[in-house]
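**Student:** sequence first, predicted model second:
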Amino acid sequence: MNSRWLVPVAASLLFGCSSGAGSNPAPTVDLSAPRWAQDAIWYQIFVERFRNGDPSNDPTAHDIEGVTSRPAPPGWTTTPWTHDWYRPDPWARGRDFYGAVQYRRYGGDLQGVMDELDYLQRLGVTALYFNPLNDAPSLHKYDARNYHHIDRNFGPDPRGDERLIATEQPSDPRTWHWTAADSLFLELIREVHRRGMRLILDYSWNHTGITFWAWRDLLRNQRQSPYADWYQVDRFDDPATPDTNEFAYTGWAGVPWLPEWKKIGRPPGATRGPIDGNLMPGVKAHIFAVVRRWMDPNGDGDPRDGVDGFRLDVADVVPLGFWRDLRRFVRQINPNAYLVGEVWWDHWPDRMWDPAPWLQGDVFDAVMNYRWYAPTRSFFAGAPPFLNATAYARALDSLGRGVPLQYQKAMMNLTSSHDTPRFATSIYNPGRYKYHATPKEDSTYRVDRPDARTRLIQRQILVQQFTWVGAPEIWNGDEVGMWGADDPDDRKPMVWGDLKYDDEAADPLGRPRRRDTVAPDTALLATYRQLIAMRRQYTRLLVDGAVRWLVTDDAGGLLAYARVLGPQTAVVAFNTHDTSQRMRVPMNGRFRRVFPAGDSATASGTLTLPPRGAEVWVGETGEK
């Protein structure tokens, strides 16, 4: 254990007391990246769209009140799981698709996750990342009604949970109850841990929704609210002008339905990036109570019954002081907890943040590594800025600059997420990354089923993902070939083999299109399973092995590198052309091809790669 990552935890932060003369020394906390997170194979679950395991808890119009100030459309009902995505619901006819789709609910819930844990275990994933589960009216749950309860419609008794929550004083953790949805989530934690898997929760501690309890009190009582200084209020209503409402505040990204917490101590004019500052003490105390609730639910000091960490939304707009305090607090509860931040766009769509300031041991263990996918897509899919093999190798090398190796290994390497076009669709549309990636923004953007060539490129990228530095992450549904443009089309309901889906025949702009069958791509699923099994079989080699570039052939579109750990070596080779090519790779010794699976062996190091081919060979070099 490196003592560089051991820091004292302020007693006042942890125990609510002041530290002064005669106080016991503050405990030390290990801030190194958890080993399990470096070894993880992640699977991201968006519960509302994963599986409807209990139709009795499906949302009603009442449950979705407060996403905006507008009510649900007349006649609103949930949408059938197998519905043609672009076909309007009966209640949405005559409305713009993109204006109506945010009202859709499909009824995904925690029982649906419980029902599919066998599927996830067979797939081979070892860690689950849940998009927000906190009680909220939206489909995405980043607009919290409250942080300390699981969404009422994710559990078995929405109305009972609503009544129970209403009896609490939400600012006082001593009054908090365990709802039916909370209890089902605790059961899910136990079952996930029993299977040897981990799970983390997604939270936005930058903003809430307009139904959040503190915000509602602030709206009613204005300056007299005990939470008047919690939010970024620019101007309160003046009671002397009853005919005018002067109330004004800051919403995240200008969205009025997502009021922001107030930040303090920031440099003048600085609102984002690696900047100093903090949240208000009352907000921070509430968040920390929520953290403790989910990390140690029974409060016995043993965190094994709690979540294993957090994914932290829009982390680049929350000051570093808060994240440092949170990290120390989290690690005091669970020394093996994992924190991953969404640190993304410095200047969209041209430049992403250098994550190094967040990855020095005092803030996060990792960030969502969109910076890995963007150049990888460019090289394999021929997308701007059109990297050749040499430039791609240079781009990958640059990703680790300034970041200690343990945090590079813990990075969450993802090909897509709930915030990007689907993996297949981003390859099928090789324009700029995440730029005008919907038909609404680009009428030429293709939303039909991607072609066979796209699948070959996906396969190559997957081989790179599962043999590179960092932990691979799968966005639910990518493994069965789901397609879709950027939000909202990336949030279609999960495609399951036991359900019969309507063909996709409608178009969001009313254009003619071909009819596409919606069903799992079993060949792609088999590729995922094989690569996951390979990664798990050679965990130490593919997690800890040093990287050595072997071939960067710009003219031939050939690339090869090795992962080396002691005498063991993995050679990973790619042919990005649409014709077969031979590649000479330095492979001294006897190697076995482990992807695609086979019993081939070579000592010569001459590989013949098929069109858009990718191979992984493992051997013993005899070196120490």
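**Tutor:** Here it is on my side, so go on.
**Student:** alpha carbons only for contacts and neighbour counts from here, please
**Tutor:** Noted.
**Student:** going by residue numbers, what spans are helices in the stretch 201-350 of the chain?
**Tutor:** 213-221, 281-295, 320-333 (DSSP state H, counting those that start in this stretch).
**Student:** out of these, flag the one nearest E342.
**Tutor:** helix 320-333 (12.4 Å; C-alpha to C-alpha).
**Student:** what is that closest one packed up against?
**Tutor:** Packing partners of helix 320-333 (3 or more C-alpha pairs under 8 Å, 6 or more residues apart in numbering; DSSP states H and E): helix 11-15, strand 28-30, strand 278-279, helix 281-295.
**Student:** out of these, which is the most enclosed?
**Tutor:** Among these, the stretch with the highest mean neighbour count (mean count of other C-alpha atoms under 10 Å) is strand 278-279, at a mean of 22.
**Student:** need the contact partners of that strand.
**Tutor:** 261-266, 318-322 (C-alpha atoms under 8 Å, 6 or more residues apart in numbering).
**Student:** name the member of those with the most neighbours.
**Tutor:** When neighbours are counted by other C-alpha atoms under 10 Å, V318 leads the contacts of strand 278-279 with 28 neighbours.
**Student:** contacts only, for the residue nearest to that one when sequence neighbours are not counted.
**Tutor:** The spatially closest residue to V318, leaving aside those adjacent along the chain, is N206, at 6.2 Å (C-alpha to C-alpha, 6 or more residues apart in numbering). By C-alpha under 8 Å, 6+ apart, N206 lies in contact with 252, 260-261, 313-315, 317-318.
**Student:** with pLDDT and distance to Y43 added, can I get these in a markdown table?
**Tutor:** Below are the contacts of N206 laid out as a markdown table (pLDDT from 0 to 100; distance: C-alpha to C-alpha, whole Å):
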| residue | pLDDT | distance to Y43 |
| --- | --- | --- |
| W252 | 97 | 27 |
| E260 | 98 | 29 |
| W261 | 98 | 30 |
| D313 | 98 | 17 |
| V314 | 98 | 20 |
| A315 | 98 | 21 |
| V317 | 98 | 26 |
| V318 | 98 | 26 |
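**Student:** quick check: which ranges of the stretch 1-150 of the chain have low pLDDT?
**Tutor:** Along the stretch 1-150 of the chain, the model assigns pLDDT under 70 to residues 1-27.
**Student:** switch the cut-off to 50
**Tutor:** 1-23 (pLDDT under 50).
**Student:** quick one: the helices in it?
**Tutor:** Along the stretch 1-150 of the chain, counting by DSSP H, counting those that start in this stretch, helices occupy 11-15, 35-39, 97-100, 110-115, 117-123.
**Student:** quick one: which of those helices is nearest G605?
**Tutor:** Of those, nearest to G605 by C-alpha to C-alpha is helix 35-39, at 29.2 Å.
**Student:** return the set of buried residues in the closest one.
**Tutor:** 36-39 (16 or more other C-alpha atoms under 10 Å).
**Student:** stretch 610-622 too?
**Tutor:** Buried-residue list, stretch 610-622, by 16+ other C-alpha under 10 Å: 610-621.
**Student:** what's the end-to-end length of stretch 30-38?
**Tutor:** Distance across stretch 30-38, first residue to last, is 16 Å (C-alpha to C-alpha, to the nearest Å).
**Student:** export the helices and strands packed on helix 320-333 to JSON lines and tack on distance to R95?
**Tutor:** As requested, the helices and strands packed on helix 320-333 are exported to JSON lines (distance: least, C-alpha to C-alpha, whole Å):
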{"stretch": "helix 11-15", "distance to R95": "51"}
{"stretch": "strand 28-30", "distance to R95": "54"}
{"stretch": "strand 278-279", "distance to R95": "40"}
{"stretch": "helix 281-295", "distance to R95": "39"}
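**Student:** distance check, the spatially most distant residue from the centre of the chain against E246.
**Tutor:** Centroid-distance maximum for the chain: A240 at 46.9 Å, with C-alpha atoms, centre = their mean. Using C-alpha to C-alpha, we find A240 at a distance of 11 Å from E246.
**Student:** go on, R394?
**Tutor:** Relative to E246, and taking C-alpha to C-alpha, R394 is found at 54 Å.
**Student:** give me the number of residues near V447?
**Tutor:** 20.
**Student:** quick one: contacts for it?
**Tutor:** If you count contacts by C-alpha under 8 Å, 6+ apart, then V447 has 425, 439, 483-485 around it.
**Student:** L117: which of the residues you listed is nearest?
**Tutor:** The closest of the contacts of V447, once distances to L117 are taken by C-alpha to C-alpha, is W483, at 23.0 Å.
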